[in-house]
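Enquirer: Just the structure for this:
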Amino acid sequence: MRILIGDDHALFREGIHRLLEQIFPDAEYLQAATYEETLAHCSGSQSPDLILTDLQMPGWPGFDGISRIHSMLPKAALVVVSASEDSEDARMALDHGAGGFIPKSSSVQIMVSALRLVLAGGLYIPHALLHANGGGLTGNPRDHAAPAPSDLGNNVSLTQRQRDVLNCLREGKSNKQIAYELGLSEGTVKIHVTAIFKSLGVKNRTQAVISASRFAMR
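Expert: Just a heads-up that it's a prediction; the model follows:
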């Protein structure tokens, strides 16, 4: 796997590099300090599989820059790692093709869990940003948007164990991590996840997280 780290701060790039080496020791690492360097790596013969990019690198053309990278490498996992904690920035990043938005203030555990989720095909949205700016992410990030609260009804009920699993989903944890933390088998976790999806009327983890943030579960 090739991992591209795009950020104009060398210290941050090196820190992320060293962190990810502990998680993905066999990966090949690339670094970029400008948007042009990021594009050069994306257009090369050996394109990255995971791209971490800031929003404020020199030459950055705004959120259209995310769209361009996504159009060049639609199968790559594209994650924004930003100093911004604005829910609108997160929504715009997802709308333009990012698979996740991680504030730089996030803990190492959350960052690693978020990256694993995106690499597995999921979409990571910081739980705190779901409630930020008076309502959180209410846009329609591609086909991952959850049903509106009115579609969910008022009779959603989850068991305590399902609530525990849902809380883990909100932290971007994999089934394996959830199983370890809750003392369950992965098969049991899958059963709980399926039951949660059915109860919330959603189809994937991201929808479940968004839906759970929009109403009070009984």
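
Enquirer: Please make it C-alpha for all contacts and neighbour counts, starting now.
Expert: Fine.

Enquirer: What residue spans form the domains of the chain?
Expert: Domain assignment for the chain, taken from automatic domain parsing, gives 2-135, 146-214.

Enquirer: Export these as a markdown table, with columns for mean neighbour count.
Expert: As requested, the domains of the chain are exported to a markdown table (neighbours: other CA atoms under 10 Å):
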| stretch | mean neighbour count |
| --- | --- |
| domain 2-135 | 18 |
| domain 146-214 | 17 |
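
Enquirer: Mean pLDDT lowest where, among those?
Expert: Among the domains of the chain, domain 146-214 has the lowest mean pLDDT, at a mean of 76.

Enquirer: next one: that domain to chain centre, how far?
Expert: 16 Å (CA atoms, centre = their mean, to the nearest Å).

Enquirer: What residues does the residue most central in space within the chain make contact with?
Expert: Nearest to the mean C-alpha position of the chain, counting by CA atoms, centre = their mean, stands Tyr124 at 2.0 Å. The neighbours of Tyr124, taking CA atoms under 8 Å, 6 or more residues apart in numbering as the test, are 99-102, 114, 117-118, 172, 206.

Enquirer: Among the residues you listed, which lie within helices?
Expert: Within those, residues falling in helices by DSSP state H are 114, 117-118, 206.

Enquirer: Okay, strands next: where are they in this structure?
Expert: 2-6, 28-32, 50-53, 77-82, 100-103 (DSSP state E).

Enquirer: Tabulate the ones you listed in CSV, adding columns for distance to Arg163.
Expert: Below are the strands of the chain laid out as CSV (distance: least, CA to CA, whole Å):
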stretch, distance to Arg163
strand 2-6, 34
strand 28-32, 38
strand 50-53, 31
strand 77-82, 27
strand 100-103, 23
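
Enquirer: Please enumerate the helices of this structure.
Expert: Under DSSP H, the chain gives helices at 10-23, 35-42, 64-72, 87-95, 108-119, 127-130, 132-135, 149-152, 160-170, 175-182, 186-200, 205-214.

Enquirer: Using CSV, list the CA coordinates for the longest one.
Expert: Extracted in CSV, the C-alpha atoms of helix 186-200 (Å, rounded to 0.1, in the frame of the first residue of the first chain):
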residue,chain,number,x,y,z
GLU,A,186,-16.9,-10.8,15.8
GLY,A,187,-19.9,-12.8,14.6
THR,A,188,-21.9,-11.5,17.5
VAL,A,189,-20.8,-7.9,16.8
LYS,A,190,-22.0,-8.3,13.2
ILE,A,191,-25.4,-9.5,14.4
HIS,A,192,-25.7,-6.4,16.7
VAL,A,193,-24.6,-4.1,13.8
THR,A,194,-27.2,-5.6,11.5
ALA,A,195,-29.9,-5.2,14.2
ILE,A,196,-28.8,-1.6,14.7
PHE,A,197,-29.1,-0.9,11.0
LYS,A,198,-32.6,-2.4,11.0
SER,A,199,-33.8,-0.5,14.0
LEU,A,200,-32.5,2.8,12.7
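
Enquirer: Appreciated, that's everything.
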